[in-house]
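Trainee: coordinates for the following, if possible.
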Amino acid sequence: MVPVPSEPYRTVVNDVEEDEDDWLMSSGDEAEATAVHGDETAISLDDLDSPPSSFMHQSQQQQQQLRQQRQSMRDQSAAPVNARAPLRVRQLTMGERDLNKTEAQFEDAGYREGITDGKLSSLQAGFDEGFSTVGAPLGRAVGRLRGEATSLLAFVGRMASDAQVHEHTNTVAKAVVTSGSDDEAAGEQHIEVQYEDGDAGATGAIFAKASSAATTNGMLSSSDSQASDVFAKEDLLPGPGRARVRLKTKMIPHRRSSNAENGPLPNSTTLEQGGGMTKAHDEHPRSLSRPQLSPSAILALLQEAQSLLQDVQALTLEKLAPPDEEALAHEYEHALESARDGMYGAVMEKIGEWKRETEEERRRREAILPALYARLRAAKAVIGLA
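Mentor: As a prediction, the model looks like this:
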């Protein structure tokens, strides 16, 4: 019968077995685990009959041996990789490969988006700077010049219309004085000049008497046809201030009175002022606010106003703004790079030769607006508006 070990003996053996099992599970080396278990089975039955103190001494020796074996295994694990057995590399699954590919695409897309955003930011900054320093000042200057040129053309157009009205009035007045009729039922023919902008002060009416006898012999009809030929012309550009001249015939009965306090009616072609006789058409409401110009001078001024407005409307930012030499140089370099692929002649023919703006070209460009403003002031000085 094998004696049963005492309680201290079972406790020590159980502790040793637990330590050994833990170490063997962590190491995973089956050969060494077999050797260790062989050492464990080396305890004979005679040792079980030995006292607990001797068994404790033997268990300490076994623990010392286990520590040494553990240290030797650690030294072996620290050896170089090439000295150890080659490891088997696990192949990636299809899902892992797709994930890696997607991550690479996202990284590349993010890089490209970052570059694009940087370029757009630089372009926006260039647009803002160009607008505030170049576009806005030139836009204000050109807009003001265009508005004043348009107003000048409208004003000179009125002058040309008034000059035509006055010339025709003299012709009608001479015909009426020659006819000389006192018929009370005679009609009155008058010319009305009306402006499209509703200027009531500039609307005038010039009356001329015509008798039934004059109507019979055809004088009135001849003056009517002459008026139609003169005022049917559309010489002026369409726009505000264009004059519309209408020839009307009103049948207004004249009631002459022999009463002394009323006196005779004044002649329609003359007005009595301070004992002198002046022409009625010289008292036009607008004639006192501007110099008297001959019809030829008014026509020349009208042509100058039209030419000035056309030159102003032909202005562009390319003619007035300084060239962006940095951008032009960059574009030229890109064109040269693309031309190295065998299309050098075609590309160079398309983009031409890029050169920087010379001092003479800069002076001519900067003198465009001042020259147009000088022409505007000279034209306004002729009519007393400067």
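Trainee: which helices and strands sit right next to the helix or strand hosting Ala374?
Mentor: Under the assignment given by DSSP states H and E, the secondary-structure element containing Ala374 is helix 368-382. The contact analysis (3 or more C-beta pairs under 8 Å, 6 or more residues apart in numbering; DSSP states H and E) places helix 368-382 against helix 136-179, helix 295-313, helix 317-320. Using the backbone N, CA and C atoms, a C-beta is placed for each residue, glycine as well.
Trainee: least reliable of these going by mean pLDDT?
Mentor: Here the lowest mean pLDDT among the helices and strands packed on helix 368-382 goes to helix 136-179, at a mean of 76.
Trainee: OK, contacts around Met159?
Mentor: Taking C-beta atoms under 8 Å, 6 or more residues apart in numbering as the contact definition, Met159 lies against Arg290, Leu293, Ile298, Leu301, Leu302, Ile383.
Trainee: among these, which two are most distant?
Mentor: Across these, no pair lies farther apart than Arg290 and Leu302, at 14.0 Å, counting by C-beta to C-beta.
Trainee: more neighbours, these two?
Mentor: For the pair Arg290 and Leu302, the greater number of neighbours falls to Leu302 (21 against 14), based on other C-beta atoms under 10 Å.
Trainee: identify the residue spatially nearest to the more buried one, adjacent ones excluded.
Mentor: For Leu302, ignoring the flanking residues on the chain, the nearest one in space by C-beta to C-beta, 6 or more residues apart in numbering is Val156 at 4.8 Å.
Trainee: Gln62 versus Arg70, what's the distance?
Mentor: As for Arg70, its distance to Gln62 is 13 Å (criterion: C-beta to C-beta, to the nearest Å).
Trainee: let me see the domain layout of this structure.
Mentor: Residue ranges for the domains of the chain, per automatic domain parsing: 7-70, 161-256+267-290.
Trainee: mean pLDDT for those domains: which is lowest?
Mentor: Minimum mean pLDDT among the domains of the chain: domain 161-256+267-290, a mean of 43.
Trainee: before we move on, the earlier item: need the helices and strands packed on helix 368-382 in TSV (columns: distance to Ile115).
Mentor: Putting those into TSV (distance: least, C-beta to C-beta, whole Å) gives the following:
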stretch	distance to Ile115
helix 136-179	31
helix 295-313	42
helix 317-320	30
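Trainee: the ones you listed: which one's closest to His330?
Mentor: Comparison of the helices and strands packed on helix 368-382 against His330 by C-beta to C-beta identifies helix 317-320 as nearest, at 18.2 Å.
Trainee: helices or strands up against the helix or strand following the closest one?
Mentor: Towards the C-terminus, the helix or strand next in line after helix 317-320, according to DSSP H and E, is helix 325-339. Helix 325-339 sits against helix 344-351, with contacts defined as 3+ C-beta pairs under 8 Å, 6+ apart.
Trainee: and the next helix or strand past the helix it packs on?
Mentor: Proceeding C-terminally, helix 344-351 gives way to helix 359-366 as the next helix or strand, assigned by DSSP H and E.
Trainee: tell me the buried residues in that next one?
Mentor: Neighbour-count burial for helix 359-366, with 16 or more other C-beta atoms under 10 Å as criterion, is recorded at Arg365.
Trainee: what do you get for stretch 327-335?
Mentor: Buried residues in stretch 327-335 (16+ other C-beta under 10 Å): Tyr332, Ala335.
Trainee: before we move on, the earlier item: of the helices and strands packed on helix 368-382, which is nearest Arg363?
Mentor: helix 317-320 (13.4 Å).
Trainee: quick one: list the elements packing against the closest one.
Mentor: Counting by 3+ C-beta pairs under 8 Å, 6+ apart, the elements that helix 317-320 packs against turn out to be helix 136-179, helix 368-382.
Trainee: adding distance to Leu315, write those out as TSV.
Mentor: Output for the helices and strands packed on helix 317-320, formatted as TSV (distance: least, C-beta to C-beta, whole Å):
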stretch	distance to Leu315
helix 136-179	6
helix 368-382	7
